[in-house]
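S.K.: please find the sequence and the predicted model below.
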Amino acid sequence: MKKNINKNISDEKAFSIIKKPLMTEKSTNLNQYNQYSFIVNKDSCSNAIKKAIEKIFKVKVTKVNTSVVRGKLKSFKGNLGYKKDFKKAVVTLAEGNTIDSSLGIK
């Protein structure tokens with residue numbers, strides 16, 4: 001079942017889809033291939049993520065890969081629990097486009 005996404009999404013919707021950039025060693029290495037990682041809303045689809053990135057950063061997105069990262073088992077003072085699950089999106093940009101990943105989304 002595909003969700004209907006308008007061609008132009010609002011700024012509020014774009015900022016609710018993209019939560020923050022994901023800064024890990026692996027995602028930093030992907031920057032040389034013009035790929036950037038973001039933590040996104042779990043309900044958002046790839047088309048919505050693409051439109052939100054294009055709206056916020058004013059770049060051309062060629063591909064979006066998403067995955068749901070399951071929360072890890074943690075122990076806190078003898079009690080077991082899980083961290084929250086989150087959705088990760090790896091965005092590939094067109095040649096010549098870049099994103100300054102040191103800037104956070106506020």
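M.R.: Good, I have the coordinates.
S.K.: could you find the closest non-adjacent residue to S67?
M.R.: K88 (5.4 Å; C-beta to C-beta, 6 or more residues apart in numbering). To be clear about C-beta, it is placed using only N, CA and C from the backbone, and glycine gets the same treatment.
S.K.: report the contact partners of that neighbour.
M.R.: Contacts here follow C-beta atoms under 8 Å, 6 or more residues apart in numbering; on that basis K88 touches 22, 37-40, 66-69.
S.K.: list the buried residues of the helix or strand hosting it.
M.R.: For K88, the host element (DSSP states H and E) is strand 86-93. Judged by neighbour count using 16 or more other C-beta atoms under 10 Å, the buried positions of strand 86-93 are 86-91, 93.
S.K.: now do T62 against A52, distance only.
M.R.: Using C-beta to C-beta, to the nearest Å, T62 is found at 15 Å from A52.
S.K.: so if I had to pick from these two, which one is more boxed in?
M.R.: A52 (26 against 13; other C-beta atoms under 10 Å).
S.K.: ok, the more buried one to K19 distance?
M.R.: Taken as C-beta to C-beta, the span from A52 to K19 is 11 Å.
S.K.: what sits closest to the spatially most central residue of the chain if chain neighbours are left out?
M.R.: When C-alpha atoms, centre = their mean is applied to the chain, the residue found nearest the centroid is F38 (2.7 Å). In space, and not counting its chain neighbours, F38 is closest to A89: 5.0 Å by C-beta to C-beta, 6+ apart.
S.K.: just checking, that neighbour touches A48?
M.R.: No. Contact criterion C-beta atoms under 8 Å: A89 and A48 do not qualify, at 10.1 Å.
S.K.: so where is this protein shaky, pLDDT-wise?
M.R.: Across the chain, residues meeting the criterion (pLDDT under 70) sit at 1-7, 101-106.
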